[in-house]
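> can you look at this prediction? I've put the sequence above it.
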Amino acid sequence: MNELSPPAVAALRRAQDTIIEHCIDRISSAHPWYRTLPEAPRRQIEKVARLGVTMFVDMVENPQTAVAPSQIFSVAPAALTGTITLEQTLALVRSVLDVVVEEAPQTVPEDMRDRVTILVLTFGRDVGFAAAEVYARAAEARGAWDARLESVAVDAMLHDSPEDAATRAGSAGWSGSGPVVAVAARAVLDALAVSRLRHHCRQVASDCLVSVRGESVIIILGGSVSSQGPGEAPERAIDRVAGQVAERLGGPAVIGPVVPGVAQAGRSLRSALAGLHARAGWAQAPNPVHADDLLPARLLNGDALAVEQISALVGAPLHAMGEPFEETVATYLALGGSLEATARALFVHANTVRYRLGRVAEQVGWDATDARDGLMLHMAVIVARLAAGRED
C-alpha cells in the first residue's frame with residue numbers, strides 16, 4: 001500500500017526536475033568550496049543529487065521495490081571520497097534535504113504534507129548513514145593500502161637499498177627531511193591498537209612508518225618533533241620521542257641509533273632488530289633500551305653490524321686518544337679492574353691510572369670502572385685486536 005495517493009505521487013513526480021535543479025542551485029550557493037572543485041567532481045556531485053531526489057520519489061511511489069539509499073553513491077567513483085570529506089558530503093546531503101523538505105510537501109494536497117515531510121526526513125537519515133558507510137569503507141581500504149605501502153618501505157630499508165628506501169618511504173607519505181630513528185618491539189596489537197599507535201606517532205613526529213609483523217612491531221620516526229624544546233638538538237628530540245613511543249608498546253622494545261635521514265633508516269632499523277634478538281643476553285636491560293647499549297650481546301649473537309658499530313662508537317675514539325690511554329684501559333680490564341695491579345704492570349702511579357680512566361670516560365663516554373661500561377670497552381678492545389691480527 002502506497003504512503004501517498006496516486007494523484008499526490010503524480011504531482012510529486014511532475015515537480016521532480018524542478019526540485020533537482022533547485023537542489024543543485026542551493027549546493028552551489030551555500031558551499032563556496034563546491035565552486036572551487038574541478039569540473040569532474042562537480043558533475044559527479046550533481047549526479048548524486050539528481051539520483052537522490054529521483055530515488056526518493058521512486059520510494060514514495062513504490063516502497064516495496066525501492067532501492068537501498070546506499071545506491072545513491074553508486075554514480076560517484078571511489079576517488080570522490082578522496083576529493084571531498086565526509087563532513088562536506090553530509091553538508092551537501094543536508095542542503096538537498098532542506099530543498100526537498102521545503103518544496104516536496106507543497107506539491108501534494110495539504111492533508112498529505114506532513115506525511116511527505118516525514119518521508120523526506122526518514123529518507124535523508126538513511127542517506128546520511130549510507131554516506132558514513134561509504135566513507136568508512138573507503139577509509140578502511142585506504143588504511144589497508146597505506147599499511148601495505150609502509151611495509152614495502154620498511155622492507156626496502158631492511159634490504160639496505162638507500163635510494164629505494166627513500167623512494168618507497170615517499171610513496172608511503174614520508175615528506176620531510178632530518179634525523180630518523182627506528183624502534184623494534186615485541187607486542188601483539190589488534191587493528192584498533194595499531195590505528196591508535198599510528199595516530200600517536202603522527203602526532204609526535206611529522207613523519208612515521210608503522211609495520212606490524214606477527215608479534216613484532218617496527219616504527220620509523222623522522223622529520224620535525226612536535227614537542228622539541230628550545231635549544232634541543234633535532235637528533236636528541238627524535239631519540240627522546242622514540243623512547244616515549246616505545247614505552248607505549250608495553251613489550252620489550254629496542255631503539256636504533258639516530259641516522260641523518262630516511263635513506264639511512266635501514267641502518268637504524270637493522271640495529272634495533274638485532275638488539276631485539278640479542279636483548280635476552282642482558283637480563284637487567286631497561287625497557288626500552290638503545291641498540292648501542294646492547295652491542296656486547298649483539299656481538300656474541302653474531303651481528304656483523306655490531307662489529308662495525310662498536311669499532312666506530314667505542315674503539316675508534318679510544319684509539320684516537322693515544323696508546324697510553326688505550327693500553328691503560330686494556331690492562332685495567334684484563335687485570336680485573338685493579339688500579340694497583342694496572343699501575344704495577346704499566347710502571348706508573350695508581351693516580352695516573354685513575355686519571356687516564358677518567359679521561360677515557362669523559363671523551364669516549366664509557367667508564368671502565370663501571371661493570372657494564374667496562375664490558376663495552378673490553379669488547380671494543382678485543383674487536384680492534386682481532387682486526388689488527390687479520391691485517392698482519
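Yep, that arrived.

> helix or strand: which one has Ser211?
Per DSSP states H and E: Ser211 is located in strand 205-213.

> how many neighbours does Pro324 have?
13 (other Cβ atoms under 10 Å). Backbone N, C-alpha and C define where each C-beta goes, glycine included.

> which other helices and strands contact the strand holding Ser211?
Under the contact criterion of 3 or more Cβ pairs under 8 Å, 6 or more residues apart in numbering; DSSP states H and E, strand 205-213 touches helix 113-158, helix 191-204, strand 216-225.

> so which other helices or strands are in contact with the helix or strand just after the shortest one?
Of the helices and strands lying after strand 216-225 in sequence (DSSP H and E), the nearest is helix 234-249. Using 3+ Cβ pairs under 8 Å, 6+ apart as the contact criterion, the elements in contact with helix 234-249 are strand 180-186, helix 191-204, strand 216-225, strand 253-255.

> closest to Val101 out of these?
helix 191-204 (37.2 Å; Cβ to Cβ).

> buried ones in the closest one?
Using 16 or more other Cβ atoms under 10 Å as the test for burial, helix 191-204 gives 193-194, 197-198, 201, 204.

> let me have those in CSV, extended by distance to Gly214.
CSV is the format used below for these (distance: Cβ to Cβ, whole Å):
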residue, distance to Gly214
Ala193, 14
Val194, 13
Leu197, 16
Arg198, 17
Cys201, 20
Val204, 25
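
> burial measure for Val258, as a count.
22.

> next, give phi and psi for it.
phi -70, psi 130 (degrees, to the nearest 10).

> measure it to Ala8 for me?
From Val258 across to Ala8, the span is 73 Å (Cβ to Cβ, to the nearest Å).

> likewise for Ser195?
Counting by Cβ to Cβ, the gap from Ser195 to Ala8 is 49 Å.

> Ala193 now?
Counting by Cβ to Cβ, the gap from Ala193 to Ala8 is 54 Å.

> same check on Gly266?
Going from Gly266 to Ala8 by Cβ to Cβ gives 70 Å.

> quick check: mean pLDDT across the helix or strand containing Glu308?
Element membership for Glu308, per DSSP H and E: helix 304-310. Mean per-residue pLDDT for helix 304-310: 93.

> list the buried ones in it?
305-307, 309-310.

> now do it: distance to the chain's middle.
Offset of helix 304-310 from its chain centre (Cα atoms, centre = their mean, to the nearest Å): 29 Å.
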